[in-house]
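Engineer: What follows is a predicted protein model with its sequence.
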Amino acid sequence: MACCRNFSPLLLVLATFPAGAQTVQATPGSISATPATTVINQPPGAVVRQGGIEDKFAISDTAAISRDFETFVNDAVSRRGTVAAPVALQAAPVGNVAWWTSDVVDVGNNGRALRLNDVIDRAARSSFQLGVFGALPAIRDTGVDEARGRYTAEGFAEVRHSDNEDRTTALSQTAGDPRLKEIENSVEAGLRARLRTGTQVTLAQRFSNLATNNIIYNPTTQSRSRTTLSIVQPLLREAGEDYNTAIERIAGLEADSARLEFRRQAESHLLQLIRGYWTLYLARANYAQEKRAAGNVEDLATRLERRSGLDAQPLQLSRARAVAAERSAGLVRAANAVRNAEARLQALVNDQELVGALVPADLPAPQFMRVDMQSLTTTALAQRPEVRTAFLGYRSALLREGMAKSERMPQLDLVLEGSSRGGHNNGNIFPSLQDAWYERPSYTVGARFAVPLGKDERRARYDRRRIETMQQALQARSTIDTVMMELEVSANEFVTANNELVRRGEALKLATADQATITTRWQTGLGGSGGGTDGVLYLDQLLGAQDRVTASELDYAEAQATAMVAAANLSRARGTLLTDLGYDIARADGEGTLLPTYRLVAAAPAAAR
């Protein structure tokens, strides 16, 4: 395959394709077309890596190899298909059976109405968890600055004073003085820098002043000057611009991965917010349903109590009272569920202004639409942060392997040094500097060579990097398989949730109609002659019908919330949740004592969303 021309047999371990997959022709890191003999329709781990990126691989090939790898994986995914097609979407429900919506959005005396967009806006500004997530890419950005800082020129200076006095070994050296005395003051300053080719350049200027009683110095007080230019250029190990800029490129890739990770974590947090919002809707809907059900049973019990001296039997009254007590207990639990849902939502938002009862102002509006799995797959491969992070991780692994390959080579450095020296017969240093340029400069040319005589740590590091590259390739395929699985499950759940909503609506309509019929029959049987026995039977049927209606109402409200969460989860599964909500990530540089971080920002005004 043409897409495989630049990467090694390690990619062939990205197996588990459908039966009948063809043999991939690949070469160990070269651009030529030497066939490989490994078949890719084997399980992961069954293929032994035949050498990874071999000696023909260069760091400059990383971008091309990564692109071919991405094309290879994307083609494999497109051939993979889906395990199961989403079930067909049924017709949308007719009419509105959710009578409790007015109770859900009722703010009461101290309630606070919140739209979903408002909740997300507040979380984007105040959420502690999003603040934690946003610090990671800011930390990784400092790695880029750190890598670039390696090439920043550095100024240096050294000042030294020495006063030496030793017993002379020959009085002739000191004109009869038994002590040899030397006082020297020196100062050296200069610049040194590392270039992106690996070259180390040092430019230094040294001045010194010497006073001694040693007669070999004439006069005994002298000044000296030395200007030095030193260049060390690696020729094998750690040589070249590709190697020396690889660290900076790796830091950039890690920063990109951190931003993608922030996007993934932010989408997961927003999905929790959305789930918490609709959980609050469900809790308030359940409370309204339980309250109405408890009221209905209480009305029955009150009516029976009033007719206890006429045609109501004690059994009917006791049974109605028992059911009323049970409904009251359920109402207590439903009220607590509302408080718990409010607490969870407040904990996710972390906005101190959210006090009192929280009331969802948005009502469920399910999206009844067809699901195109091919379009979803294409979007997920392009947008899911996990997929893009896996590809970036593979590219970083290639760069690290290329660096390790360079580091395991023998050391061969070219050393060049030129200097100009001057002096003067008194302590004035400036004439010595002028004197330094009257004569021909001195120079030194040399080379440094070193080679390990066995398998050293550099070779072991290179082997480790090769294994890590293979691991990243496997990790990329595993990540994509997981993403595709999540996408299929989310798509199926989205369609199923909407289908269930339709069916739950139909069930609620039928249960309500059944309750109305049984209510009429109970009222007729209770008022008829000899209806006491029938009244007990009809009361049991009526209480059962009310239970079924209450359960159907809860099921329908739960289906509403599930459909809304399923739509958001499908958006997250295809990697577009932030975009669909109208948000993006942006770096916020600190002012004053504040440090930089990353935040969620609105990509468009709230009214436009």
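Structural biologist: Thanks, I have the structure now.
Engineer: Just give me how far the strand or helix carrying residue 546 sits from the chain centre.
Structural biologist: Assessed by DSSP states H and E, residue 546 sits inside helix 532-573. The chain centre lies 39 Å from the centre of helix 532-573; the measure is C-alpha atoms, centre = their mean, to the nearest Å.
Engineer: got it, and stretch 408-420?
Structural biologist: 43 Å.
Engineer: picking that back up, from the rest of the structure, what touches the helix or strand just after the helix holding residue 546?
Structural biologist: Under the assignment DSSP H and E, the closest C-terminal helix or strand after helix 532-573 is helix 577-581. Residues from elsewhere that reach helix 577-581, judged by C-beta atoms under 8 Å, 6 or more residues apart in numbering: 117, 120, 263, 266-267, 270-271, 383, 568, 571, 584-585, 600, 603, 609. In this view, the C-beta of every residue, glycine as well, is placed from N, C-alpha and C.
Engineer: on that earlier part again, now do the helix holding residue 546: which elements does it pack against?
Structural biologist: Packed against helix 532-573 by the contact rule (3 or more C-beta pairs under 8 Å, 6 or more residues apart in numbering; DSSP states H and E) you find helix 241-306, helix 314-349, helix 373-383, helix 457-527, helix 577-581.
Engineer: Tell me what angle it forms with helix 373-383.
Structural biologist: 50 degrees (axes from the mean of the first three to the mean of the last three C-alpha atoms, to 10 degrees).
Engineer: Can you say which of the helices and strands packed on helix 532-573 is nearest to residue 425?
Structural biologist: Closest approach to residue 425 among those is made by helix 241-306 (46.6 Å; C-beta to C-beta).
Engineer: tell me the domain ranges of this structure?
Structural biologist: 2-80, 101-143+244-386+469-602, 152-194+199-237+411-450 (automatic domain parsing).
Engineer: Make TSV out of those domains and add distance to residue 399.
Structural biologist: TSV is the format used below for those (distance: least, C-beta to C-beta, whole Å):
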stretch	distance to residue 399
domain 2-80	6
domain 101-143+244-386+469-602	5
domain 152-194+199-237+411-450	17
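Engineer: Go through the ones you listed and name the closest to residue 395.
Structural biologist: Among the domains of the chain, domain 2-80 sits nearest to residue 395 (C-beta to C-beta), with 4.3 Å.
Engineer: mean confidence for that closest one?
Structural biologist: Averaging pLDDT along domain 2-80 gives 46.
Engineer: Kindly report the same for stretch 519-536.
Structural biologist: Mean predicted confidence for stretch 519-536 is 58.
Engineer: ok, back up a step: mean pLDDT lowest where, among the domains of the chain?
Structural biologist: Across the domains of the chain, domain 2-80 gives the lowest mean pLDDT, at a mean of 46.
Engineer: Tell me the buried residues within the contacts of helix 577-581.
Structural biologist: 117, 120, 263, 266-267, 270-271, 383, 568, 571, 585, 600 (16 or more other C-beta atoms under 10 Å).
Engineer: Need the outlier residue of the protein, farthest from its centre.
Structural biologist: residue 176 (80.6 Å; C-alpha atoms, centre = their mean).
Engineer: Just want to check the distance between that one and residue 411.
Structural biologist: Per C-beta to C-beta, to the nearest Å, residue 176 is found 53 Å from residue 411.
Engineer: Could you do residue 479 as well?
Structural biologist: Separation of residue 479 from residue 411 (C-beta to C-beta): 39 Å.
Engineer: And residue 559, by the same measure?
Structural biologist: Taken as C-beta to C-beta, the span from residue 559 to residue 411 is 70 Å.
Engineer: more crowded one of the two?
Structural biologist: residue 559 (26 against 16; other C-beta atoms under 10 Å).
Engineer: and the more buried one, what does it touch?
Structural biologist: 497, 500-501, 504-505.
Engineer: from those, which single one is nearest residue 197?
Structural biologist: Of all the contacts of residue 559, residue 497 has the smallest distance to residue 197: 59.5 Å, by C-beta to C-beta.
Engineer: Against residue 488, how distant is the closest one?
Structural biologist: 15 Å.
Engineer: Phi, psi for the nearest residue to residue 187 once chain neighbours are set aside please.
Structural biologist: Distances taken as C-beta to C-beta, 6 or more residues apart in numbering place residue 159 nearest to residue 187, at 5.0 Å, with adjacent residues excluded. Torsion angles at residue 159 (phi, psi; degrees, to the nearest 10) stand at phi -120, psi 140.
Engineer: distance of the most centrally placed residue in the chain from residue 392?
Structural biologist: In the chain, the C-alpha closest to the average C-alpha coordinate belongs to residue 261, at a distance of 0.9 Å (C-alpha atoms, centre = their mean). Per C-beta to C-beta, residue 261 is found 10 Å from residue 392.
Engineer: Tell me the strands beside the strand ranked longest in the chain, with direction?
Structural biologist: Of all the elements of type strand in the chain, the one with the most residues (DSSP state E) is strand 179-194. Sheet pairing of strand 179-194 (DSSP bridges) gives strand 154-167 (antiparallel), strand 200-212 (antiparallel).
Engineer: Just the buried residues of that strand, please?
Structural biologist: 180-182, 184-186, 188, 190, 194.
Engineer: Check stretch 484-502 too.
Structural biologist: Result for stretch 484-502 [16+ other C-beta under 10 Å]: buried residues 484, 486-488, 490-502.
Engineer: For residue 369, grab the count of nearby residues.
Structural biologist: Neighbour tally, residue 369, other C-beta under 10 Å: 11.
Engineer: All good on my end, thank you.
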